[in-house]
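In: Make a model of this:
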Amino acid sequence: MAGTTGTGVRIAGALLLILLAACEEHNNPPSPDIPFLTSDGHFMIGGHVITVPMIALRGPDHVFTLSREEPAKSRKQILMEQASDPHDPMPVDSLALLIHQYEMRDQHGASKEICPPMTRAWAQVVCRGRHKGVLGRLPEKFDLLDRAKLDLLKHHYTVGGEQKYDHVKDMALRPGITEIGCDKTSKFCTAVVETMPSLLAVWTVWGGDGETAAQMAERQGPAIVEFVRRGIGPIEDKTLATAD
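Out: A predicted model of the protein is given here:
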């Protein structure tokens with residue numbers, strides 16, 4: 001009985017140490033890797049070079065995959081090896097972007113040190129939460145997609161559980177013209193605009209606060225087109241940062 005009690009005490013002690021370690025990590029998260037997060041990533045998508053700070057990349061939302069295999073290298077390692085050279089951009093079929101106040105991005109540890117090293121004027125403005133005009137009309141999340149890879153949306157699902165591909169498969173997809181397709185059972189819709197030849201932007205819109213899903217799409221679509229054409233190509237038009 002005494003041996004059993006001793007074993008229980010040791011197990012309880014081990015669990016307590018694990019719990020304390022987890023609490024310590026939660027209360028003192030690792031410092032953000034600022035040089036990596038603020039460095040530019042260079043990608044080739046739909047025949048176009050796209051350049052964004054690494055912190056602007058996110059994992060795609062509502063994605064279903066049959067694969068359970070873990071990559072041999074971390075996403076960070078892959079990006080550092082394949083997307084850091086502007087003369088040799090990393091080929092991708094899609095990019096999931098996050099446009100918001102990066103200095104408050106909790107998953108990396110909030111840090112005002114993130115903003116100064118960024119190379120692009122728009123990123124400096126967005127990082128500090130001062131984006132207005134064109135930048136202020138951007139959705140926080142949107143994806144860039146090679147038009148030839150539209151079938152990838154068969155693996156992306158809406159909040160209502162429907163395939164995004166079903167929303168967009170019959171769209172005309174004309175340059176600069178925003179279109180939407182909506183869920184049958186929810187208020188959420190998928191908006192698409194061809195920002196440049198063969199390069200689509202795809203994002204979610206919905207109705208609320210006196211604005212319909214279509215109105216939201218019409219407000220955000222032209223801003224995305226301006227952002228892609230002027231902000232994240234190989235050379236930035238710095239006037240975008242203050243454009244109305």
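In: what ranges do the strands span in the chain?
Out: 40-45, 48-53, 90-91, 94-98, 141-146, 179-182, 188-196, 199-206 (DSSP state E).
In: can you list these in CSV and add mean neighbour count and mean pLDDT?
Out: C-betas here are computed from N, CA, C, even on glycine. Shown next, in CSV, are the strands of the chain (neighbours: other Cβ atoms under 10 Å; pLDDT from 0 to 100):
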stretch, mean neighbour count, mean pLDDT
strand 40-45, 20, 97
strand 48-53, 21, 97
strand 90-91, 14, 96
strand 94-98, 19, 96
strand 141-146, 22, 96
strand 179-182, 20, 95
strand 188-196, 23, 96
strand 199-206, 22, 96
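In: nearest to residue 112, of the ones you listed?
Out: Residue 112 lies closest, by Cβ to Cβ, to one member of the strands of the chain: strand 48-53, at 15.4 Å.
In: among the strands of the chain, which is nearest residue 239?
Out: For the strands of the chain, proximity to residue 239 was assessed by Cβ to Cβ; strand 48-53 is nearest, at 17.1 Å.
In: Helices of this structure, start to end?
Out: Remark: helices assigned in the chain by DSSP state H are 2-27, 34-38, 75-82, 121-127, 133-136, 164-168, 213-230.
In: Mind putting the strands of the chain into a markdown table with distance to residue 244?
Out: Converted to a markdown table, these look like this (distance: least, Cβ to Cβ, whole Å):
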| stretch | distance to residue 244 |
| --- | --- |
| strand 40-45 | 26 |
| strand 48-53 | 23 |
| strand 90-91 | 33 |
| strand 94-98 | 22 |
| strand 141-146 | 21 |
| strand 179-182 | 25 |
| strand 188-196 | 19 |
| strand 199-206 | 20 |
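In: Tell me which residue is most central in this structure.
Out: For the chain, the residue nearest the mean C-alpha position is residue 97 (2.8 Å; Cα atoms, centre = their mean).
In: Tell me the spacing between that one and residue 196.
Out: Applying Cβ to Cβ, to the nearest Å, the value for residue 97 to residue 196 is 15 Å.
In: So what touches stretch 175-185?
Out: For stretch 175-185, contacts defined as Cβ atoms under 8 Å, 6 or more residues apart in numbering pick out 158-160, 162, 166-168, 170-173, 188-197, 205, 213-214, 217-218, 220-222, 225.
In: got a pLDDT number for residue 71?
Out: pLDDT, residue 71: 58.
In: same thing with residue 22?
Out: 42.
In: can you check residue 1 too?
Out: 53.
In: now the one 10 residues further on
Out: At residue 11, the pLDDT value in this model is 45.
In: next one: residue 113
Out: Reported pLDDT for residue 113: 82.
In: In contact with it, which residues are there?
Out: By Cβ under 8 Å, 6+ apart, the neighbours of residue 113 are residue 34.
In: how much space is there between it and residue 37?
Out: 10 Å.
In: and the gap between residue 52 and residue 171?
Out: For residue 52, the distance to residue 171 - Cβ to Cβ - is 25 Å.
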